[in-house]
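K.L.:
using only what follows, build the 3D model:
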Amino acid sequence: MMASPNFGIVIRNVRLPCTDHSEASAWDIACLGGRVQSITSSGSCIPHEEAAVIEANGGVLVPSLCHSHIHLDKCFILGQCDPLVTGSLPEALKVTNKAKAEFPKDVNNLYARATYLIRESVESGVTAMRAFVEVDTTVGFTCLDMGLQLAKEWVEVCHIQIVAFAQEALYEFADSTEPGPNYNLLCDAASRPDVSVVGSAPWVEPDRAHALKNIELILSLAEKHDLHADFHLDYNLDPDAVPMVWDVLQQMRQRSWCKSSGKRVTIGHATRLGLFSGEEWAELKRATDILPLEIVALPQSDIYMMGRADPSGRVPVPLAGRTINAPQVYRDHGVRVALSVNNVENAFTPQGSLDPLTLASLGVALFQVGTEPDWRVLLRSVSTTSKEAIGIMHGGSVSGKPADEGDGIVPRVGDPADFVVVHGARRWQSAVLSPGFDRTTFYKGNVVARRRAQRWNANTGGEITN
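P.N.:
Predicted coordinates:
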């Protein structure tokens with residue numbers, strides 16, 4: 001439903017994620033021109049007769065959700081891969097590369113899978129995503145062309161940032177002194193006018209020296225074309241491995257990469273950071289206070305792939321240590337960490353959901369957090385923090401402000417009117433602890449998706465509607 005361009009839209013009778021336990025309070029949110037115009041007690045807003053009015057029936061309104069890291073071309077391909085035997089990372093790379101070779105031969109399948117991903121995401125409440133599409137000698141520009149086309153088709157419904165992504169090595173051999181054909185293709189892709197981000201996975205290079213060169217090449221491409229940069233980085237749990245995040249930060253300093261540029265450098269996975277000491281987190285906090293480096297953890301993938309038992313059966317890292325503990329890192333060190341889905345139904349992540357709120361629920365048990373401040377961090381990690389990580393929102397200091405006024409979860413007048421109403425919930429906590437299926441998604445003040453379950457049971461019979 002499109003809002004009236006002159007009279008806007010009013011969302012009636014919603015509950016807001018305030019911290020004062022005013023669950024009984026309901027509000028009317030008036031939106032105009034894609035932004036919040038007013039927030040008043042429910043029933044007190046008298047809309048213009050031509051304004052669109054949406055009845056929320058007491059559902060909980062939270063910020064719209066964001067995939068800060070998702071692969072548009074590799075979701076839902078497990079059925080196209082050879083059967084998994086070990087479930088290991090090398091096997092995942094092998095079977096995925098084989099399946100990927102078929103992408104250019106069946107573009108319709110590629111397009112259909114990506115469309116399904118976007119549709120299901122929007123219906124769960126997602127209005128922004130950073131979508132990785134691979135560019136290399138295997139697929140050429142097939143995935144990129146598909147991603148750019150879908151970004152245009154969905155532009156009024158969801159903000160889709162396309163990442164021209166090099167999953168494969170930029171240097172072909174250990175003795176290569178110059179980057180190979182994958183890099184040449186990436187240079188072409190990065191110059192496309194609708195590409196927003198250039199990225200790579202430095203850890204796939206033949207050795208650390210080439211991985212560092214990979215980082216330099218990507219940052220140079222980002223600077224040349226005024227793009228964000230995004231790395232799959234420090235994807236290990238080896239305490240003896242020197243984290244490459246320090247090298248990225250050093251490169252950013254040398255290039256005078258500053259926050260005022262509006263361009264972010266984001267690192268995904270980053271599981272090695274979970275082994276940081278307090279001193280290392282403090283050093284990272286000092287650096288990120290000055291430099292626009294963002295961190296995105298990918299729990300569904302990281303927990304599945306990292307920390308597997310060695311041949312003797314010993315598990316080197318506890319379950320919760322296989323991904324970054326976002327609530328603890330913020331609580332103890334003041335560093336925001338976004339959480340994102342990454343993949344679903346492929347060899348890297350066979351399981352999971354496209355719904356970011358399920359990551360927040362997972363985090364409650366995984367990180368054993370039972371306090372409301374930690375739950376707010378989880379809710380923020382899949383919404384506002386994720387939007388900050390991809391550079392479409394800018395975080396501010398919450399010093400001296402109540403939590404619900406400064407953490408970006410409660411809407412304020414003038415904010416973008418991008419929300420999801422979780423119907424059936426009567427407290428904001430339920431959106432984290434047990435998020436319901438029924439939802440309404442708002443983007444730029446317009447209803448862009450509604451999701452409702454059809455219900456029937458043998459006891460009460462009939463369809464039950466909200």
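K.L.:
quick one: low-confidence parts of this protein?
P.N.:
Across the chain, the ranges flagged by pLDDT under 70 are 1-7, 21-24, 395-406, 463-466.
K.L.:
can you map out the helices along it?
P.N.:
89-100, 107-124, 142-153, 181-190, 208-225, 245-254, 278-290, 299-305, 326-333, 356-366, 372-381, 384-389, 403-406, 428-433 (DSSP state H).
K.L.:
and those helices: which comes nearest residue 272?
P.N.:
Residue 272 lies closest, by Cβ to Cβ, to one member of these: helix 245-254, at 8.0 Å. To be clear about C-beta, it is placed using only N, CA and C from the backbone, and glycine gets the same treatment.
K.L.:
so which other helices or strands are in contact with the closest one?
P.N.:
Applying 3 or more Cβ pairs under 8 Å, 6 or more residues apart in numbering; DSSP states H and E, we find helix 245-254 packed against helix 208-225, strand 228-233, strand 265-269, strand 293-297.
K.L.:
which positions in the longest one come out as buried?
P.N.:
For helix 208-225, the buried set under the neighbour-count rule, 16 or more other Cβ atoms under 10 Å, comprises 210, 211, 212, 213, 214, 215, 217, 218, 219, 221, 222, 225.
K.L.:
shouldn't residue 394 be in contact with residue 388?
P.N.:
Yes: using Cβ atoms under 8 Å, residue 394 makes contact with residue 388 at a distance of 6.7 Å.
K.L.:
which one's more surrounded, the two?
P.N.:
Comparing residue 394 with residue 388 by other Cβ atoms under 10 Å, the one with more neighbours is residue 388, at 23 against 10.
K.L.:
list the contacts for that one?
P.N.:
Counting by Cβ atoms under 8 Å, 6 or more residues apart in numbering, residue 388 makes contact with 294, 336, 338, 394, 395.
K.L.:
which residue packs closest to the second one, ignoring adjacent ones?
P.N.:
Pointing back at residue 336 there. With Cβ to Cβ, 6 or more residues apart in numbering as the measure, residue 385 is the residue that lies nearest to residue 336, at 5.0 Å, once sequence neighbours are left out.
K.L.:
what's the burial count for the one you found?
P.N.:
28.
K.L.:
ok, it to residue 331 distance?
P.N.:
For residue 385, the distance to residue 331 (Cβ to Cβ, to the nearest Å) stands at 14 Å.
K.L.:
before we move on, the earlier item: of the helices of the chain, which is nearest residue 58?
P.N.:
Going by Cβ to Cβ, the one of the helices of the chain nearest residue 58 is helix 428-433, 11.8 Å.
K.L.:
so which bits of that closest one are buried?
P.N.:
428, 429, 430, 431, 432.
K.L.:
give me the neighbour count for the spatially closest residue to the second one that is not a sequence neighbour.
P.N.:
On the basis of Cβ to Cβ, 6+ apart, the spatially nearest residue to residue 429 that is not a chain neighbour turns out to be residue 375, at 6.1 Å. By the other Cβ under 10 Å criterion, the neighbourhood of residue 375 contains 22 residues.
K.L.:
so which of the contacts of residue 388 is the closest to residue 448?
P.N.:
residue 338 (22.0 Å).
K.L.:
got a list of what the closest one touches?
P.N.:
Residue 338 neighbours (Cβ under 8 Å, 6+ apart): 66, 68-69, 294-297, 326, 381-382, 385-386, 388-389.
K.L.:
ok, 10 Å please
P.N.:
By Cβ atoms under 10 Å, 6 or more residues apart in numbering, the contact list for residue 338 reads 66-69, 130, 266, 268, 294-298, 324, 326, 356, 359, 380-390.
K.L.:
distance of it relative to residue 293?
P.N.:
The value you get for residue 338 to residue 293, if Cβ to Cβ is used, is 12 Å.
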